[in-house]
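A.B. asks: Here you go, sequence then predicted model.
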Amino acid sequence: MHPVAPRLRLLAALPFLLALAVDLLLFALWRDRLPDRLATHFGGDGRADGFTATGGYLAVSSGLLLSLGLAWTLLVRRRALWGAWATAGFIGALLALLLRGNLDVTDPAAARLRLAVLTAALGIAALAAPAGLALTRLVPREPAPPAAAAGAPRLDLGAGELAGWTRATGSLPMTLLGCAFLLAALVVPLFAPWPYALIPLAIGVPGTALGRVRVSADRRGLTVRPALVARPRLRVPLDTIADARARHVDPLTEFGGWGYRVRPGASGVILRSGPALAVRRRDGREFVVTVDDPETAAGLLNALAARGDDTARG
């Protein structure tokens, strides 16, 4: 294995482990000065309006840091390491300030936490980000991806021969991240009014659905849908396909992330780095899906599209 992966993942996990250690240490040091129920949610005026038992606080804060740490560890790229440190710094600072706001109160309703603490947490994040950026120097640059195959492949199909291709592909990190957001949707009501749970729910549902998809190429064109259900689905009709090819995809560089992505001139379902099927429409737009064995799918789509053109001319 190239040394980039283990070293980068270790450096991405490190700030979340440090934030968790600080959170647990502060809780242990301040335990005698904290009430049995902590104020964990505050209104705009700084007054407490949500409360959690100390055991629940430890479970949620630890789970939050570990879930975010796992997500960053699995998805991080070299140029984005600073983001892991900034995220851990921001969340860790918020948790520390929350504990501080509960110090020496007998009634948790008396705890106060002004929204100005967000400025302090952002300041910690701003200090942590350069640390992550500096540590990037410890990670070797990733090897350049192999060059894309030249030309558009085409399978040799007989005049009346029917053929189809299908392959399931997925992303374990995206599935875990989607599940983490679904879990967060269950936990959020403990700290905030229940409508706030709709935010992680809106991320977790599509994230989990896109965690594993089925890609099919046949006489209808290219179809991408969740692996477990038939809807929703994305389809590029055969008569709109100019050509198809296999190529290498870098999610961050080309599409700015993972999942269903849209950028000028292109869209796609991007679940990982590596081989992908790229279909160019007749209007010039490109649709990309990361999947194993894209060469076969591209050759089949090119053969079927050429057959359709020959039929139309005939």
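C.D. replies: Done, it's in. Treat the numbers as computed from the prediction; the structure is a model and nothing was measured.
A.B. asks: Could you use CA atoms for every contact and neighbour count after this?
C.D. replies: Noted.
A.B. asks: Show me where this structure dips below the pLDDT cut-off.
C.D. replies: Applying pLDDT under 70 to the chain flags residues 1-5, 44, 78, 115, 141-152, 157-160, 188, 190-194, 308-314.
A.B. asks: quick check: longest helix of it.
C.D. replies: helix 4-30 (DSSP state H).
A.B. asks: Can you name every helix or strand that that one contacts?
C.D. replies: Contacts defined by 3 or more C-alpha pairs under 8 Å, 6 or more residues apart in numbering; DSSP states H and E place helix 4-30 against helix 54-75, helix 81-101.
A.B. asks: Can you give me the buried ones in the helix or strand following the shortest one?
C.D. replies: Right, the one you point to is helix 81-101. Scanning forward in sequence from helix 81-101 by DSSP states H and E, the next helix or strand is helix 117-135. Residues Ala121, Leu122, Ile124, Ala125, Ala126, Ala128, Ala129, Pro130, Ala131, Gly132, Leu133, Leu135 are the ones in helix 117-135 that count as buried (16 or more other C-alpha atoms under 10 Å).
A.B. asks: How far does helix 117-135 sit from its chain's centre?
C.D. replies: 21 Å (C-alpha atoms, centre = their mean, to the nearest Å).
A.B. asks: Show me what that helix is in contact with.
C.D. replies: Applying C-alpha atoms under 8 Å, 6 or more residues apart in numbering, the external contacts of helix 117-135 come out as 11, 81-91, 93-94, 97.
A.B. asks: Just give me the closest of those to Leu300.
C.D. replies: Of all those, Leu300 sits closest to Leu81, with 39.6 Å by C-alpha to C-alpha.
A.B. asks: Distance check, the closest one against Asn302.
C.D. replies: As judged by C-alpha to C-alpha, to the nearest Å, Leu81 and Asn302 stand 40 Å apart.
A.B. asks: for Thr136, same thing?
C.D. replies: 42 Å.
A.B. asks: between the two, who's got more neighbours?
C.D. replies: Using other C-alpha atoms under 10 Å as the criterion, Thr136 and Asn302 rank with Asn302 on top: 24 against 20.
A.B. asks: part of a strand, is that one?
C.D. replies: No. Applying DSSP: H, G, I helix; E, B strand; the rest coil, one finds Asn302 to be helix, outside a strand.
A.B. asks: Relative to Gly164, how far out is it?
C.D. replies: 12 Å.
A.B. asks: ditto for Arg225
C.D. replies: In terms of C-alpha to C-alpha, Arg225 sits 16 Å off from Gly164.
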